[in-house]
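1. this is a predicted model, with the sequence first.
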2 protein chains.
Amino acid sequence: MVDAAPMISALRDAGYRRTTARGEVARLVAAQDGHFVAADLLSEAARGNTRIGRATVFRTLEAMSDAGVVERIDLPTGDHAYVACEPRHHHHVVCASCGAGQDIDDAGLRRVVRDVARRTGYRVDDHRLELFGSCPRCQAREAAG
Amino acid sequence: MVDAAPMISALRDAGYRRTTARGEVARLVAAQDGHFVAADLLSEAARGNTRIGRATVFRTLEAMSDAGVVERIDLPTGDHAYVACEPRHHHHVVCASCGAGQDIDDAGLRRVVRDVARRTGYRVDDHRLELFGSCPRCQAREAAG
DNA sequence: GTTTTTGCAAACCATTTGCAGGGTC
DNA sequence: GACCCTGCAAATGGTTTGCAAAAAC
């Protein structure tokens, strides 16, 4: 759960114009608790009295991704999802039960990457790490339930 | 580039029946050099005189993924691709130019995962790491060209 | 003989695109 | 006023599904 305002600023900084549609999408994204898919935003927009086109949602998510305020992740199921995040390089832990996500920093991964490059001879330009599991709250729920 | 026979055995071990279609798909997969998408197999099957249905290719890839002989990866572009691989836990480095891939073992990632779990309070059940860059051959080509 | 698997075509569904009207700078 | 953005509806494209025939066990 984050705030919508910084997202909108980030969009502006990235050269995108300020529009009502983008503000709405930002608000919806900010209200998401964990990861979400485009369809979530669409249905929530429809449930509220917001009228936003499918295309606009996708285009805005792309813009936000470009601006670094959301990131597209790939779930173990193969589905694409998005998470709101801080605009810097990082990775995610995602809870498989409730979808709550949390950013994590480099966490020693840099060494892993360098090590792999040395051993394989590849030059590594980009990497992505996704972690899946159970968040503290869901662990407690599991233990209780 | 791997051998088709072990794939077929692995499928059998996983409880799938031995069929000509699966043998063909295994042969096609084995002939792939790096990552590939379902459509690659389809078109190559068509180019040869092999008649295999779209659905069968997808179903066989799913079976192979289940048996652990191929893995579905997500390219930075967001596209889904597959790579032939050994049936144990590991990760991949993929060349962005030519698509050549290579398995890598844990490479110290275990420590990273444990560290993240400790810091976030999440229980981490699963992780995926994808590395993208340039393979030795393409680096040489870059330097030469 | 029973259970799987195949192939085809149709169905699906997320995402993209063309385009005309409207909003932003 | 020039350029960007929106919404709609239609197109796209990868993937899945229903089903009857064929193959594997």
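-> Sure thing, it's come through. Here the structure is a predicted model, which means the values were calculated and not measured.

2. and chain A, which residues reach DNA strand C?
-> A:12, A:17-20, A:37-39, A:54-55, A:58-59, A:62, A:80 (Cβ under 7 Å from any atom of the strand). All C-beta spots, glycine's among them, are computed from the backbone N, C-alpha and C.

3. make it 10 Å
-> Those residues of chain A that sit near DNA strand C, judged by Cβ under 10 Å from any atom of the strand, are A:11-12, A:15-23, A:37-42, A:53-59, A:61-62, A:72, A:79-82.

4. all helices for chain A, in order.
-> In chain order, chain A shows helices spanning A:4-13, A:20-31, A:38-47, A:54-67, A:109-120, A:136-144, with DSSP state H as the criterion.

5. now do the third one, average pLDDT.
-> In this case it means helix A:38-47. Over the span of helix A:38-47, the pLDDT mean works out to 92.

6. could you find the closest non-adjacent residue to A:Asp74?
-> Once flanking residues are discounted, A:Asp74 sits nearest to B:Asp74: 4.2 Å by Cβ to Cβ, 6 or more residues apart in numbering or on different chains.

7. sorry, wrong one. I was asking about A:Gly53.
-> A:Ala21 (8.0 Å).

8. contacts with DNA strand D among the residues of chain A next to DNA strand C, please.
-> On the criterion Cβ under 10 Å from any atom of the strand, A:11-12, A:15-23, A:53-59, A:62 are the entries of the residues of chain A next to DNA strand C that sit beside DNA strand D.

9. and the pLDDT at the most centrally placed residue in chain A?
-> Of all residues in chain A, the one closest to the mean position by Cα atoms, centre = their mean is A:Val83, 1.7 Å from it. Reading off the per-residue confidence, A:Val83 sits at a pLDDT of 87.

10. pretty sure it sits against A:Val37.
-> No - applying Cβ atoms under 8 Å, one finds A:Val83 not in contact with A:Val37, separated by 10.8 Å.

11. residue numbers of chain A in contact with chain B?
-> Taking Cβ under 8 Å from any Cβ of the partner chain as the measure of proximity, chain A contacts chain B at A:72, A:74, A:76, A:78, A:80, A:93, A:95-96, A:102, A:104, A:107-109, A:111-113, A:115-117, A:119-136, A:139.

12. so how do I select the buried members of those in ChimeraX?
-> In ChimeraX syntax, the buried subset of these is picked out as below (16 or more other Cβ atoms under 10 Å in any protein chain shown):
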select /A:72,74,93,95,96,102,104,107,108,109,112,113,116,117,120,122,123,124,127,128,129,130,131,132,133,134,135,139
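
13. out of the residues of chain A next to chain B, which are inside strands?
-> A:72, A:74, A:80, A:93, A:95, A:102, A:104, A:123-134 (DSSP state E).

14. could I get the average pLDDT for stretch A:17-30?
-> What stretch A:17-30 shows for mean pLDDT is 95.

15. where does chain A dip in pLDDT?
-> Across chain A, residues meeting the criterion (pLDDT under 70) sit at A:1, A:76, A:86-89, A:96-97, A:99, A:107.

16. can you list the residues of it near DNA strand D?
-> Residues of chain A lying close to DNA strand D by Cβ under 10 Å from any atom of the strand are A:11-12, A:14-25, A:45-46, A:50-60, A:62-63, A:77-78.

17. try 6 Å
-> Taking Cβ under 6 Å from any atom of the strand as the contact definition, chain A meets DNA strand D at A:Tyr16, A:Arg17, A:Thr19, A:Ala21, A:Arg22, A:Arg51, A:Ile52, A:Gly53, A:Arg54, A:Ala55, A:Thr56, A:Arg59.

18. as CSV, those residues with neighbour count would be great.
-> Formatted as CSV, the entries for the residues of chain A next to DNA strand D read as follows, by neighbours: other Cβ atoms under 10 Å in any protein chain shown:
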residue, neighbour count
A:Tyr16, 17
A:Arg17, 8
A:Thr19, 13
A:Ala21, 16
A:Arg22, 21
A:Arg51, 10
A:Ile52, 19
A:Gly53, 11
A:Arg54, 12
A:Ala55, 8
A:Thr56, 17
A:Arg59, 15
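
19. what does A:Gly48 show for phi and psi?
-> Summarising the backbone geometry of A:Gly48 under the convention degrees, to the nearest 10, its torsions are phi -70, psi -170.

20. many thanks, have a good one.
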